[in-house]
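1. take a look and give me a structure for this.
(chains A and B)
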Amino acid sequence: MNKFCNGLTRRDALRLGTASIFGSAIGLSDLVRAGEDPLSRNDLSLIYVFLHGGQSHLDTFDMKPDAPAEFRGEFKPIKTKIPGLLMSEHLPKMAAQLNKYSIIRSFRHHNSDHGPADHYMLTGYFPAAGFNSNLSPNNQRPTAGSIVSKSLGSRGSVPAYVALPKMHPSGGPAYLGASHAPFVIEADPSSPNFSVPDLVPPPVIAANRMNDRRKLLENVDKYHKALEVQANSNAKTISTFRSRAFDLMTSQEAKKAFDIHSEPEKLRDEYGRHTLGQSCLMARRLTEAGVRCVTIDHSNWDTHDGNFEVLKKTLLPVYDTAISTLFRDLADRGRLDKTLVVVTGEFGRTPRINKNAGRDHWGSAFSVVVGGGGIKPGIVVGKTDARAEKPSSDPYGPEDLFATMMNSLGINPKGEFHMPDGRPVGIVNNGRIISELV
Amino acid sequence: MRFSWFLIFLVGTSSVKAAQPLHFENDILPILGRYGCSSSGCHGKAEGQGNFKLSILGSDPISDWTAIVQEGRGRRIHPAAPHESLLLKKASGAIAHGGGNRISSNNEDFAILLRWIMDGCGLGPKDAPSLVSLRVIPMELEMKPSQNQPLQVWAKFTDGKEKNVTSHSRYQSNADQVASVSEQGVVTGGDTPGDAAIMAGYLGEVAVFRVVLPRSGSTIQFQLPQFNSVDSAIDNKLRKLNISPSGLCDDLEFLRRVTIDITGQLPTEMEINQFESDLSINKRRKKVEMLLERAEFADLWALRWADLLRVDREPLGHERAFLYYQWIRQSLINNKPWDSFARELVSAEGPTQEISPVHFYQAVKKPGDQAAMISQVLLGVRITCAECHHHPFDRWKQADYFGMTAFFSNSPVRHPRTQEVIQPYALGTTMPDAIPSISDKRILLAEWMTKPDNPYFARNVANRTWAWLFGRGIVEPVDDVRATNPPSNPELLDVLARQFTSDNYNLKKLILFITSSRVYQASSKPNDSNTKDEQNFSRAYFKRPDAEVLLDMIIQASGVPEKFPGSPDARRAVQLWDSKARHDFLKLFGRPNRVTACECERTHEPSVAQVLNLMNSPRIQAKLSHEGGFVARLSRDQADNKVVIDSLYKRFVSRPPTDQERLRALDYFSEPDRPRQVAIEDLAWALLNSNEFIFNH
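-> Take a look at the predicted model:
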């Protein structure tokens, strides 16, 4: 369908235009206003899959079959959907879907330390002095989900930003405040009796009783709508959150979105009956229902020991089913254009294999998978040198990734937020949009 | 290549003799600071920018000189054709520069840089005077919205001379909405009444200009009783701001507030009735004295100190973590003077099988970390920045960090840059040439810290105690004392520190002193003038109780205990000495993991998930419907609905309902098709979810 950038189809515009000619209440100004309404303007979302610990690039998307044995590792490359492009034999499904996403091979930053690198990849800002990765949240800058929540707002009664199956310590809102913190689903969607904790009242409380309770609460709360609540920001926030919580509890669409059990068994199998697979499926359901950003924190990619065993036996099969099915499923449902998917760890892993058959931290080069949301598919951006140690062309970093992500989501990468004290700060830290992908 | 250029410089220097030789540290670095080149957002950040790294704010002149003159394959300066130097071309935007045009080529500073290059890029005379201190004129001013006030910054050097460095200082306001500052040092009044501290920084030194911006409108007169010197300090400040404080809270508001603050518990129905019927004039004070003697006081305040002092079973193991915790708790039970507490901690030694603070040194192992934690927890000063570079907003240099570290280190401590051996010396003192021979250097630190005139210790403990009672510190964050983060009310902080010191660091007396003030006993009801005030204590602020306290309030109100896996003895959450014990509610409501010394690790940030938990958690519902619980017993044993309603109100929100509230509840009870037990449970549920329950006000 030929859509305008504001989400109205050409035919909508014509129909509205015609109506105004016939003197209907809808005039051109209404049409313009409809275009300005952020809710009708877009239904874009972000799914950010974080491979916590750092994924080896040499054993996945940037293989170096001609490098010496102590670098290239034991995996064999296979052909992909794109002629001439190779990837790991343990990612066959990803290889078959390469027409739906792209790979940045020349990605790099200067840090190889979990805490700061995580913050860098999840916020686009390298943390400043005083950063304490042990805090949770530890954000000095808002994470992608909070940026999106602030910029795009929520769509429908579902939360704008959801984290599952837990919140990454750098997944917080920083100065954007509690309103843009994630709604954290502390539960594993792959467990047979998965449900969102506390989303619905316990079974003993019937729905109409909850309505009674809600009315009673408004009557009983001495500070409901009182001056005290206006004067105390914490109480004000709780009051806002309470009405949001009621919306969430009573909304049919929210209930449906969180009900992963209503998915066909076959599709659930295809995603894979594991945390990552079912989290990806959940992310698809949630973004469809209006969630603006879902982050999935997936551990543990920190393969210092037995890199190849771990990748081959657990991590890559899990990744392959989950991520490839996510791209395919989004495409099948016509949602891929509206849903930007980013899959990355905090860094890559050392090209030289260590004495424990492992690979250590390596920020100097790694591969990032991006697709959907208008990103050109089937492209490989940049390359690394013979041993995948450094980009040999087109180096890109977290700032550039964030500029590209925000651009794809309709958020101006040159835009600014304001700190509570009024100081303006860039949404993105001077990144440039990765031109190959747009 | 680089070598031959050097020869050219040397020749060049002798032939081009300038009248006044430029000094790299005194003349060049301030320019790089002034235009943001060496800021933490640009070349000053840890990894530099575009392969060009400067020390933050010029704290390491030699490495900066090397970076400019020798690194970058010598391209940064071009002695044969000074105008071609990258340093100048980039800075002036003549060629592509990520930072844009910073110093235009017709600018005086550009000319200075150019002359320095032409003169041979020297470091300058070795015996040149160096910077000692900074002052800003004026130091303090009352301002109006939109009023402009230019600042003057004067730098004092070792030769006693002063130089106006206004144009080369950097400026920052800690509250832009109160007063903002331009790059030229012009302060402009904002639209929110309050105070602001404007920092002026020049090289490694900072000075502060303080602004008071009174609330606009006609001048407010108020005359409220002053119970002690806390009240006069607050009233003086509020008059300056043209804000009137709220009046006194009523007896039951006071009872609930102070009982939660001191013991982490709700007042019982019996306590409520007794307090109401007590007609003595000093009953509030008597109440506080009684509360301070309860074991729950020690439980709650031990929890707070255990957070800060890192009682953590992961490094310590269960047994030793518990011994460490017991030392803290017993100190509170015995009302140990807090200077003794600090001395014991700072100089702890001995066997590790005893109730003792020695376990601190196992929970935190590295001398540098021990020094930083002790500074932060006991002095309220954060020195960690200075491990790697001069603190950007404070006076602390690397030497100060390592001076503190030297107290805790068994081997000599050296400055990482100069490699000089650093003798142990305390913050704000000067390094001695040698220290007295003593078996344990930490004793010197403990003595210094607990002298009555120590500028940090008493203030810090008083400020923390105040923050636990008011929900925010006079210095906020409580553990970040520095010139650029001044107390909102210095007079008040002085009053408290003086009182605490003269009472021999008696914590209970300090709490009694604070809670005796009118300010602590203020109503939470705002008036027209103080609705926006959230930092000057003009009314009682709403406080979200700590996770453990909130859970205990739910346990207590429902009358149904909670099981704590792994801690069979704990009946209440505040008694959990092990912060790693799994508990979903405590995690959700912000219990800290105790991995830092920062008060900020415990959060009170609300979330939708918290609200959902209070409304829908099956565990909370089970507490409301448990047949042995308070709610079920009440509905079984008490036939009179009025009594039931009154009882529930007192149980949850520590007051009887108003007539109107009672009538509304009776209405709810009388609706057809609603079983009585259901109605009672629902009322309990609504009370538990009300703002009145989940905040201390």
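2. please make it C-alpha for all contacts and neighbour counts, starting now.
-> OK.
3. most proximal residue of the stretch 201-350 of chain B with respect to chain A?
-> Nearest residue of the stretch 201-350 of chain B to chain A: residue B:246, at 11.9 Å (Cα to the nearest Cα).
4. gap between that residue and residue B:528?
-> 10 Å (Cα to Cα, to the nearest Å).
5. neighbour count winner among these two?
-> residue B:246 (24 against 10; other Cα atoms under 10 Å in any protein chain shown).
6. can I assume the more buried one sits in a helix?
-> No. Assessed with DSSP: H, G, I helix; E, B strand; the rest coil, residue B:246 is coil; it does not lie in a helix.
7. mind listing what it touches?
-> If you count contacts by Cα atoms under 8 Å, 6 or more residues apart in numbering or on different chains, residue B:246 has them with B:522, B:523, B:524, B:525, B:526, B:527, B:530, B:538, B:539.
8. per-residue confidence at it?
-> We have a pLDDT of 97 for residue B:246.
9. only alpha carbons, please: show stretch B:255-275 as PDB.
-> The C-alpha trace of stretch B:255-275 is given here as PDB (Å, rounded to 0.1, in the frame of the first residue of the first chain):
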ATOM      1  CA  LEU B 255       2.800   9.700  66.400                       C
ATOM      2  CA  ARG B 256       2.700   7.900  63.100                       C
ATOM      3  CA  ARG B 257       5.500   9.900  61.500                       C
ATOM      4  CA  VAL B 258       7.900   9.500  64.400                       C
ATOM      5  CA  THR B 259       7.100   5.900  65.100                       C
ATOM      6  CA  ILE B 260       7.800   4.900  61.500                       C
ATOM      7  CA  ASP B 261      10.900   7.100  61.300                       C
ATOM      8  CA  ILE B 262      12.500   5.800  64.500                       C
ATOM      9  CA  THR B 263      11.400   2.200  64.700                       C
ATOM     10  CA  GLY B 264      10.100   1.300  61.200                       C
ATOM     11  CA  GLN B 265       6.900   0.300  62.800                       C
ATOM     12  CA  LEU B 266       3.300   1.600  62.800                       C
ATOM     13  CA  PRO B 267       1.900   2.700  66.200                       C
ATOM     14  CA  THR B 268      -0.500   0.100  67.600                       C
ATOM     15  CA  GLU B 269      -4.100   0.900  68.400                       C
ATOM     16  CA  MET B 270      -3.200   0.900  72.100                       C
ATOM     17  CA  GLU B 271      -0.400   3.400  71.500                       C
ATOM     18  CA  ILE B 272      -2.700   5.600  69.500                       C
ATOM     19  CA  ASN B 273      -5.400   5.600  72.300                       C
ATOM     20  CA  GLN B 274      -2.800   6.200  75.000                       C
ATOM     21  CA  PHE B 275      -1.200   9.000  73.100                       C
END
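10. residues touching that stretch, excluding its own?
-> By Cα under 8 Å, 6+ apart, stretch B:255-275 touches B:251-252, B:283-284, B:288, B:291-292, B:294, B:296-300, B:468-469, B:515, B:549, B:552-553, B:556-557, B:574, B:647, B:650-651, B:654-655, B:696-697.
11. let's see which of those end up in helices.
-> Those of those mapping onto helices are B:251-252, B:283-284, B:288, B:291-292, B:296-300, B:468-469, B:515, B:549, B:552-553, B:556-557, B:647, B:650-651, per DSSP state H.
12. which non-adjacent residue is nearest residue A:43?
-> The shortest distance from residue A:43 to any residue other than its chain neighbours is 6.6 Å, reached at residue A:338 (Cα to Cα, 6 or more residues apart in numbering or on different chains).
13. so the one you found sits against residue A:373, correct?
-> Yes. Taking Cα atoms under 8 Å as the definition, residue A:338 is a contact partner of residue A:373 at 4.8 Å.
14. residues shared between the contacts of those two?
-> In contact with both residue A:338 and residue A:373: A:44, A:45, using Cα under 8 Å, 6+ apart.
15. next, count neighbours for residue B:687.
-> Neighbour tally, residue B:687, other Cα under 10 Å: 23.
16. separation between the closest residue to chain B within the stretch 51-200 of chain A and residue B:319?
-> Relative to chain B, the nearest point of the stretch 51-200 of chain A is residue A:198 (5.1 Å; Cα to the nearest Cα). For residue A:198, the distance to residue B:319 equals 36 Å [Cα to Cα].
17. neighbour count winner among those two?
-> The residue with more neighbours, out of residue A:198 and residue B:319, is residue A:198; 19 against 12, by other Cα under 10 Å.
18. restricted to buried residues, select the contacts of stretch B:255-275 in PyMOL.
-> Of the contacts of stretch B:255-275, the buried ones go into a single PyMOL selection, burial set by 16 or more other Cα atoms under 10 Å in any protein chain shown:
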select buried, chain B and resi 251+252+284+288+291+292+296+297+298+299+300+468+469+515+549+552+553+556+557+574+647+650+651+654+655+696+697
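19. surely residue A:120 is in a strand?
-> No. Judged by three-state DSSP, residue A:120 forms no part of a strand; its state is helix.
20. with adjacent residues omitted, what lies nearest to it?
-> Leaving out its chain neighbours, the residue that sits closest to residue A:120 by Cα to Cα, 6+ apart is residue A:126, at 4.5 Å.
21. likewise residue B:459?
-> residue B:497 is the one closest to residue B:459 (Cα to Cα, 6+ apart), at 4.9 Å.
22. ditto for residue A:235
-> Counting by Cα to Cα, 6+ apart, residue A:229 is the residue found nearest to residue A:235 once chain neighbours are left out, at 5.3 Å.
23. what about that neighbour, which SS state?
-> Assignment for residue A:229 (three-state DSSP): helix.
24. and it, how many neighbours?
-> So residue A:229, with other Cα under 10 Å, has 20 neighbours.
25. hang on, the earlier thing: quick one: residues contacting the residue nearest to residue A:43.
-> Counted by Cα under 8 Å, 6+ apart, residue A:338 has contacts A:43, A:44, A:45, A:372, A:373, A:374.
26. burial measure for the closest residue to chain A within the stretch 351-500 of chain B, as a count.
-> The minimum distance from the stretch 351-500 of chain B to chain A, using Cα to the nearest Cα, falls at residue B:385 (6.5 Å). Counted with other Cα under 10 Å, the neighbours of residue B:385 add up to 20.
27. doesn't residue B:450 make contact with residue B:379?
-> No. At 10.4 Å, residue B:379 does not count as touching residue B:450 under the criterion of Cα under 8 Å.
28. between those two, who's got more neighbours?
-> Between residue B:379 and residue B:450, counted using other Cα under 10 Å, residue B:379 has the larger neighbour count: 24 against 21.
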